[in-house]
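Q: Next come a sequence and a model predicted from it.
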Amino acid sequence: MLRPGAPGKIYGYPAKHSNAFLHVGTNLTPLAENEECVDAFVEVAKNRVSQSIVGESWITLAYWRALCDAYGREYAYVREVRPSQPLLALSGDPQVPPSPAVKALDFSCYPEYLDTSIRMYTEEVGQQPPDTYPSYCRWTLNTGRAYGVVKDKQVLFKTDVGAAAQGVAQIQGVWLNPRYRGNGLAAGLISAVVTEVRKTHPTVTLYVNSFNTRALRAYKAVGFSQVGEFATILY
């Protein structure tokens with residue numbers, strides 16, 4: 001049986017003493033120690049409302065296959081499957097000097113930041129972000145979770161802090177203006193963000209597509225190492 005948690009968004013399995021959880025929102029995100037929860041989680045996702053399924057690779061792919069078996073085209077018809085997304089972590093000082101150009105961004109750069117964030121999202125996901133995305137971007141700026149380089153009202157680099165708790169923070173939405181890609185700048189920019197984030201969260205994590213070899217080289221240079229693997233199914 002399932003125990004609902006946050007209103008209509010989080011479910012725990014089993015109902016008492018839950019050891020597996022499912023977040024239902026823009027993403028479907030399973031979190032579990034084994035596949036025992038899969039059938040129960042399939043029951044609460046009959047009508048797909050999420051744009052993706054994302055989580056640790058082994059449980060995400062097992063959950064997706066079970067959804068396809070149960071509901072057919074509703075879940076089987078996808079835009080893209082990304083089965084291997086290395087999860088990286090860094091708990092020490094970066095190995096590359098941080099770029100002094102990186103600053104915490106505030107609401108004064110909201111128009112440029114929003115435009116760039118939409119561009120980043122579209123490049124990464126392959127479609128326009130949901131209607132709630134502008135409010136998310138406002139929240140990110142107002143809570144001090146955005147970092148980047150802005151010059152002459154143009155965002156040259158940006159990244160955000162997503163989930164953050166118990167000394168661990170995830171950075172996401174990393175984007176570098178195409179004009180500056182391939183010039184060896186990314187490592188120093190990421191290093192600066194890591195340095196700032198580690199002031200409050202000693203461990204910094206992120207995940208990246210396995211085919212993005214340029215990004216993987218930059219993260220390795222900064223000092224990140226792989227600690228797991230995610231997968232994403234995009235609709």
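A: Alright, I've got the coordinates.
Q: got the contact list for the residue lying closest to residue 127 once chain neighbours are set aside?
A: By the measure of C-beta to C-beta, 6 or more residues apart in numbering, the closest residue to residue 127 outside its immediate chain neighbours is residue 79, 7.6 Å from it. For glycine as for every other residue, the C-beta is placed from the backbone atoms N, C-alpha and C. Contacts here follow C-beta atoms under 8 Å, 6 or more residues apart in numbering; on that basis residue 79 touches 126, 127, 234, 235.
Q: List the contacts of stretch 51-71.
A: Contacts of stretch 51-71 (C-beta under 8 Å, 6+ apart): 26-32, 35, 38-39, 41-42, 45-46, 48, 74-76, 81, 83-85, 125, 130, 228-235.
Q: Produce a ChimeraX select command limited to the buried residues of those residues.
A: The ChimeraX command for the buried members of the contacts of stretch 51-71 (criterion: 16 or more other C-beta atoms under 10 Å) is given here:
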select :26,28,29,30,31,32,38,41,42,45,75,85,229,230,231,232,233,234
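Q: hang on, the earlier thing: and the contacts of residue 79 as JSON lines, adding secondary structure?
A: Putting these into JSON lines (DSSP: H, G, I helix; E, B strand; the rest coil) gives the following:
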{"residue": "126", "secondary structure": "coil"}
{"residue": "127", "secondary structure": "coil"}
{"residue": "234", "secondary structure": "strand"}
{"residue": "235", "secondary structure": "coil"}
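Q: Can you pick out the most distant pair from the residues you listed?
A: Based on C-beta to C-beta, the longest span within these runs between 126 and 235 and measures 10.4 Å.
Q: For the spatially closest residue to residue 100 that is not a sequence neighbour, which three-state class applies?
A: By the measure of C-beta to C-beta, 6+ apart, the closest residue to residue 100 outside its immediate chain neighbours is residue 192, 7.4 Å from it. Under the three-state scheme (three-state DSSP), the conformation of residue 192 reads as helix.
Q: Show the contacting residues for residue 192.
A: Going by C-beta under 8 Å, 6+ apart, residue 192 touches 98, 99, 100, 101, 102, 147.
Q: from what I can see, the first one looks like it's in a strand, true?
A: Meaning residue 98. No. Judged by three-state DSSP, residue 98 forms no part of a strand; its state is coil.
Q: For the closest residue to it other than its chain neighbours, give its distance to residue 159.
A: The spatial neighbour of residue 98 that comes closest, neighbours along the chain excluded (C-beta to C-beta, 6+ apart), is residue 192 at 3.6 Å. Going from residue 192 to residue 159 by C-beta to C-beta, to the nearest Å gives 10 Å.
Q: ditto for residue 58
A: 27 Å.
Q: same deal with residue 42?
A: Separation of residue 42 from residue 159 (C-beta to C-beta) stands at 35 Å.
Q: Many thanks, I have nothing further to ask.
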